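> no sequence on hand, only this structure:
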């Protein structure tokens, strides 16, 4: 897989650069429902093949992704926790 293939797959899925696995799966289901030949809104077999190929590319990338459990990454993923930690000792916001 190349980066160009990945960006084309993301473009086909109309996904932003930061998404969750749940968002990827939900978007795949939406697209399959819309374009599947056995009852979708649009009967386009080539489109469903492209969607499934794009999904495989995205899933391969996600499955091989190395997750970062670093503290900085945690606070980037959980901004509320970052604020709580930042202001935990403040008299107005903290527990004192």
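Arrived safely, thanks for sending. In this text the structure is predicted, and so the values were computed from the model without any measurement.
> count residues in the vicinity of residue 66, would you?
4 (other CB atoms under 10 Å). All C-beta spots, glycine's among them, are computed from the backbone N, C-alpha and C.
> ditto for residue 51
22.
> name the nearest residue to it, sequence neighbours excluded.
residue 31 (4.8 Å; CB to CB, 6 or more residues apart in numbering).
> which helix or strand contains that neighbour?
Element membership of residue 31, judged by DSSP states H and E, is helix 21-35.
> now the helices for this protein?
For the chain, the helices defined by DSSP state H occupy 3-13, 21-35, 45-63, 71-77, 79-87.
> wait, doesn't residue 54 sit right on residue 9?
Yes. Here residue 54 reaches residue 9: they are 3.7 Å apart, a contact under CB atoms under 8 Å.
> now do the domain split for this protein, please.
The record's domain parsing of the chain by automatic domain parsing lists 3-65, 67-96.
> weakest of the ones you listed by average pLDDT?
The minimum mean pLDDT among the domains of the chain belongs to domain 67-96 (a mean of 78).
> ranking the domains of the chain by burial, who's on top?
domain 3-65 (a mean of 14; mean count of other CB atoms under 10 Å).
> ends of that domain, what's the gap?
Between the opening and closing residues of domain 3-65 lies a distance of 14 Å (CA to CA, to the nearest Å).
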